[in-house]
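Enquirer: build the 3D model from these lines:
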Amino acid sequence: MARVSPGWSQVGQASWYGGQFHGRATASGETFDMNALTAAHRTLPLGTWIEVTNLENGRHAELRVNDRGPFVGDRILDVSRAAARKLGFLVDGTARVKIEVTAPPTACREIQVGAYREEENARAMVARLEDDGESARTEPGPDRLTRVVAGPLDASQVDRVLERFGGEVRSCGSGD
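Expert: Numbers count the residues shown, from 1 in each chain. Purely as a prediction, here's the structure:
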């Protein structure tokens, strides 16, 4: 397994996988969800966060490595169907990509779910997140907005919160 740190990168061909693997166990032990933003890499540690850029159209996505592969030809990465859609190669099936490690597997992640002018609305969103079993809080944002942040989150929680509530993934305590 590769020992990598943020900034490590690799360029090559990526493909996507979906239907026939949906619901099966991944190498990490998670259930593969073709609608989550995940990827398979041969050597990156499971749980590593990567920024993938489609070099053909400039689109990018932050993905979490939760599986092993691809095991076809010279491909360096398999992404979920949702990731292929976001990266813009769902129809073509493959694309030339750049992978860059953004965080090692132990990195803490949280999601800024929203920013609200009315603090009461922010508190209501925190309550919804907590009712859903997530840790959440408010924090001051720019222009007198109140941010709602869920986290810290483990890998499976990140996918679930993004799917249910949307938002933007960030490192814990980044305030970005």
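
Enquirer: strands of this protein, residue ranges please.
Expert: Secondary structure of the chain by DSSP state E: the strands cover 9-17, 38-40, 49-54, 60-67, 75-80, 94-103, 109-116, 136-140, 146-153, 168-171.

Enquirer: buried residues in the shortest one?
Expert: For strand 38-40, the buried set under the neighbour-count rule, 16 or more other Cβ atoms under 10 Å, comprises 38-40. Backbone N, C-alpha and C define where each C-beta goes, glycine included.

Enquirer: I'd like to check what contacts it. Which residues are they?
Expert: Strand 38-40 is contacted from outside by 17, 26-27, 32, 50, 52, 63-70, 77-80, 83, 159, using Cβ atoms under 8 Å, 6 or more residues apart in numbering.

Enquirer: now those residues: which count as buried?
Expert: Going by neighbour count (16+ other Cβ under 10 Å), the contacts of strand 38-40 have 17, 26, 32, 50, 52, 63-70, 77-80, 83, 159 buried.

Enquirer: tell me the one of the buried residues of strand 38-40 nearest Ala122?
Expert: Nearest to Ala122 among these is Thr38, at 29.6 Å by Cβ to Cβ.
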